[in-house]
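S.K.: model the structure of this input:
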Amino acid sequence: MSDQGLSGTPPDDAWLDAECRRLLDFGRRVAHPLGGAAWLDDEGAPDLSRPVHTWITSRMVHVHGLGALLGVEGCTPIATAALDGLRTTLRDAEHGGWFGAIGSDGEPEGTAKSCYDHAFVMLAASTATVAGLPGADDLLAEATQVFERRFWDEDLGRVFDEWDRTWSEAAPYRGLNSTMHSLEAMLAVGDATGDTSWHRRAGRLAGLVVDLAPAYDGRLPEHFGPDWSVDLELNRDRPDDPFKPYGATVGHGLEWSRLLLHVEAALAAEAPPGLLETSRLLFDRAVADGWHADGAPGFVYTTDWSGTPVVRQRMHWVAAEGIAAAAALHRRTGEEAYARRYAEWWAYAAEHLLDRERGSWHHELDPANRPHASVWPGKPDLYHAVQATLLPRLPLAPGLARALALSQGRSAPA
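M.R.: Got it, this is the predicted structure:
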């Protein structure tokens, strides 16, 4: 696949399709002997020294389910095998819900039940249901029931972040990362089932960000106490934490920018006010703070609350979300500035992130754009990159799975 033309013009649909298929091919060996999806190394081989993670398994169900909807050969059995891991290995048969990870001995590594993991189970089950994978309907019914009962706070319109294994005590922490992926999953559940109450719940979560973004000049606080009071100092001593970093996470600003537009499109006349304006604010702040912030191209990972870079590594997922956000804002507004950013960031990805020798994308680069592995060793995640090849080709609503199904002539849910 040639990258000709990516220096100044956006890739065409044929290039995006070829890149999507190249990424999916990298993930063909993902099945873990214990069930679920393995962590993949730099060459796409399963790293069996690592646990089986629920979030990775769910993301692999999602991307290979999308591949199945695209008609990519081999994706259906891969997605089905990973789905079976969610139905068996990773599921807590005694207390319900899903463990975060299972070790090589088949025992859970930690017993906390996280909203982040359960949101991805809902996303996986939604995509699998649309793709018609065996067992997907039952998994989706169970996942939504657990989420509604344990993680959704109807009174506040927000989510609990974590429970103990027996669902006896909720952790005091509340987080915007789990909120973001809950919103994404809610949109997918609504698309898969036809139950628009899930879309309305997503709208309530979006309202939190509409309120937060202007209050912090477009830099979103990520961490909160049990009463949703903002904690701006969490993990100052561990600023490169892969899930709860200190400061403002540039990639999440971009991801929220896009997701707000999906909520607006899904809810139409019922959408809360301010979604487009907040999407623009988040995008502009992420670009101003994060892109080319230290003399080299690429997005820094995090900044402090004045916009100064803290962790300067370049994560592949941040560039992927920048690409997707620029595409979404261009689709929503028609403004050429977003198309220019879209082309610029694909050119950056093609030059620095796409690994033509071993496959997939380098997951982490140092500040000089050389492959690095302090936060993300290996290449465990196809989710962001695959979506970056699909989102520019599809409408803002419905979501990816339903939009692909409709493009292939499959009917919408009754």
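S.K.: can you show me the strands along the chain?
M.R.: 52-53, 101-102, 113-114, 152-153, 158-159, 162-163, 174-175, 223-224, 248-249, 302-303, 314-315, 364-365 (DSSP state E).
S.K.: which elements pack onto the third one?
M.R.: Yep, that's strand 113-114 we're talking about. The contact analysis (3 or more C-beta pairs under 8 Å, 6 or more residues apart in numbering; DSSP states H and E) places strand 113-114 against strand 162-163. Where C-beta positions appear, they are placed from N, C-alpha and C, glycine not excepted.
S.K.: how about residues contacting stretch 41-53?
M.R.: By C-beta atoms under 8 Å, 6 or more residues apart in numbering, the residues outside stretch 41-53 that reach it are 26-40, 85, 89-90, 100-104, 109, 355, 358-360, 378-380.
S.K.: make TSV out of the strands of the chain and add distance to residue 144, mean neighbour count and mean pLDDT.
M.R.: As requested, the strands of the chain are exported to TSV (distance: least, C-beta to C-beta, whole Å; neighbours: other C-beta atoms under 10 Å; pLDDT from 0 to 100):
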stretch	distance to residue 144	mean neighbour count	mean pLDDT
strand 52-53	21	26	98
strand 101-102	22	22	98
strand 113-114	15	26	98
strand 152-153	10	16	98
strand 158-159	13	22	98
strand 162-163	17	21	98
strand 174-175	21	24	98
strand 223-224	24	20	98
strand 248-249	28	26	98
strand 302-303	33	26	98
strand 314-315	30	27	96
strand 364-365	34	23	96
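S.K.: closest one to residue 203 among those?
M.R.: Residue 203 sits nearest to strand 158-159 of all the strands of the chain, at 12.5 Å, using C-beta to C-beta.
S.K.: contacts only, for residue 217.
M.R.: residue 285.
S.K.: ranges for the helices of the stretch 201-350 of the chain?
M.R.: Shown for the stretch 201-350 of the chain, the helices assigned by DSSP state H, counting those that start in this stretch span residues 250-267, 275-290, 316-333, 336-348.
S.K.: quick one: the second one to chain centroid distance?
M.R.: With C-alpha atoms, centre = their mean, to the nearest Å as the basis, helix 275-290 stands 18 Å off its chain's centre.
S.K.: who does that helix touch, helix- and strand-wise?
M.R.: helix 197-215, helix 250-267, helix 316-333.
S.K.: distance to residue 276, mean neighbour count and mean pLDDT added to these, as JSON lines?
M.R.: Supplementary listing: the helices and strands packed on helix 275-290 in JSON lines, determined by distance: least, C-beta to C-beta, whole Å; neighbours: other C-beta under 10 Å; pLDDT from 0 to 100:
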{"stretch": "helix 197-215", "distance to residue 276": "10", "mean neighbour count": "20", "mean pLDDT": "98"}
{"stretch": "helix 250-267", "distance to residue 276": "6", "mean neighbour count": "26", "mean pLDDT": "99"}
{"stretch": "helix 316-333", "distance to residue 276": "7", "mean neighbour count": "25", "mean pLDDT": "98"}
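S.K.: want to throw those into CSV with distance to residue 164?
M.R.: CSV is the format used below for the helices and strands packed on helix 275-290 (distance: least, C-beta to C-beta, whole Å):
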stretch, distance to residue 164
helix 197-215, 24
helix 250-267, 27
helix 316-333, 29
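S.K.: what's the closest of those to residue 401?
M.R.: helix 250-267 (12.8 Å).
S.K.: can I get the closest one in CSV? Just the C-alpha atoms.
M.R.: Output of helix 250-267 as CSV, limited to C-alpha atoms (Å, rounded to 0.1, in the frame of the first residue of the first chain):
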residue,chain,number,x,y,z
VAL,A,250,-4.6,15.8,25.0
GLY,A,251,-6.0,12.7,23.3
HIS,A,252,-9.1,12.7,25.5
GLY,A,253,-9.8,16.3,24.6
LEU,A,254,-9.8,15.2,20.9
GLU,A,255,-11.8,12.1,21.7
TRP,A,256,-14.5,14.0,23.6
SER,A,257,-14.6,16.5,20.7
ARG,A,258,-15.6,13.8,18.4
LEU,A,259,-18.0,12.0,20.7
LEU,A,260,-20.0,15.1,21.4
LEU,A,261,-20.7,15.4,17.7
HIS,A,262,-21.9,11.7,17.7
VAL,A,263,-24.2,12.5,20.6
GLU,A,264,-25.6,15.5,18.8
ALA,A,265,-26.2,13.5,15.6
ALA,A,266,-27.8,10.6,17.5
LEU,A,267,-30.2,12.7,19.5
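S.K.: now do it and helix 197-215, the angle between them.
M.R.: Computed by axes from the mean of the first three to the mean of the last three C-alpha atoms, to 10 degrees, the angle separating helix 250-267 from helix 197-215 equals 130 degrees.
S.K.: for residue 20, which of the helices of the stretch 201-350 of the chain is the nearest?
M.R.: Taking these one by one with C-beta to C-beta, helix 316-333 is closest: 12.0 Å.
S.K.: gap between that closest one and the chain center?
M.R.: Using C-alpha atoms, centre = their mean, the offset of helix 316-333 from its chain centre is 13 Å.
S.K.: so which elements touch it?
M.R.: Helix 316-333 packs on helix 250-267, helix 275-290, helix 336-348, helix 383-390, going by 3+ C-beta pairs under 8 Å, 6+ apart.
S.K.: can I get those in a markdown table with distance to residue 327?
M.R.: Compiled in a markdown table, the helices and strands packed on helix 316-333 are given as follows (distance: least, C-beta to C-beta, whole Å):
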| stretch | distance to residue 327 |
| --- | --- |
| helix 250-267 | 8 |
| helix 275-290 | 11 |
| helix 336-348 | 5 |
| helix 383-390 | 8 |
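S.K.: quick one: low-confidence ranges for the protein?
M.R.: 1-7, 414 (pLDDT under 70).
S.K.: swap in 90 and give it another go.
M.R.: In the predicted model of the chain, residues 1-9, 240-243, 373-376, 408-414 satisfy pLDDT under 90.
S.K.: what would the helices of the stretch 201-350 of the chain look like in a markdown table with distance to residue 123?
M.R.: A markdown table is the format used below for the helices of the stretch 201-350 of the chain (distance: least, C-beta to C-beta, whole Å):
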| stretch | distance to residue 123 |
| --- | --- |
| helix 250-267 | 12 |
| helix 275-290 | 21 |
| helix 316-333 | 15 |
| helix 336-348 | 24 |
